[in-house]
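Undergrad: Output the structure for:
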Amino acid sequence: MNDAFLTQLFYLSLDAVRPPANPCIQAARRELEDLERKWMQTMGQRFIERYQAAEYRANSWQEEALFLQGLRWGVHLMLSALPYSSPSNPSAP
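TA: Sure thing, here's the model as predicted:
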């Protein structure tokens, strides 16, 4: 599968999703942004880019696996919810 397609599909599907207005989550996001800023200042832009690229290469298989699992789940749901008849069986309704 094409990684770029799956990445775009992933971000498109999350486009309308917004983080909850929970104050604990907002505080955690601010803390994460602060830690990332300090990390960038300490390690430098080049190191961060190399780290992120390596992390993506190591974990990008998950996008395809999740996409395929979603397709399997959708097919299973359709076959469970909708009546199914085989076109090869002439006695089927």
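
Undergrad: Run through who's touching the helix or strand A53 falls within.
TA: Taking DSSP states H and E as the definition, A53 sits inside helix 45-59. With C-beta atoms under 8 Å, 6 or more residues apart in numbering as the test, helix 45-59 has contacts from W39, M40, M43. All C-beta atoms are positioned from the backbone trio N, CA, C, and that covers glycine.

Undergrad: pLDDT of it, averaged?
TA: Taken as a whole, helix 45-59 carries a mean pLDDT of 91.

Undergrad: just stretch 78-91 next, same as before
TA: What stretch 78-91 shows for mean pLDDT is 70.

Undergrad: and if you look at stretch 9-19?
TA: Per-residue scores along stretch 9-19 average to 81.

Undergrad: That one: which residues count as buried?
TA: Across stretch 9-19, burial judged by 16 or more other C-beta atoms under 10 Å covers no residue at all.

Undergrad: How far does it sit from its chain's centre?
TA: Relative to the centre of its chain, stretch 9-19 is centred 9 Å away, using C-alpha atoms, centre = their mean, to the nearest Å.

Undergrad: Offset the numbering so it begins at 57, please.
TA: Okay, using 57 as the starting number, the last item reads as stretch 65-75.

Undergrad: got the end-to-end distance for that stretch?
TA: 19 Å (C-alpha to C-alpha, to the nearest Å).

Undergrad: Pull the residues that contact that stretch.
TA: I81, Q82, R85, E119, F123.

Undergrad: out of those residues, which are inside helices?
TA: Mapping these onto helices (DSSP state H) picks out I81, Q82, R85, E119, F123.

Undergrad: Could you dump these into CSV and include distance to S69, pLDDT and neighbour count?
TA: Converted to CSV, these look like this (distance: C-beta to C-beta, whole Å; pLDDT from 0 to 100; neighbours: other C-beta atoms under 10 Å):
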residue, distance to S69, pLDDT, neighbour count
I81, 20, 91, 11
Q82, 23, 93, 12
R85, 21, 92, 11
E119, 11, 80, 17
F123, 10, 84, 15
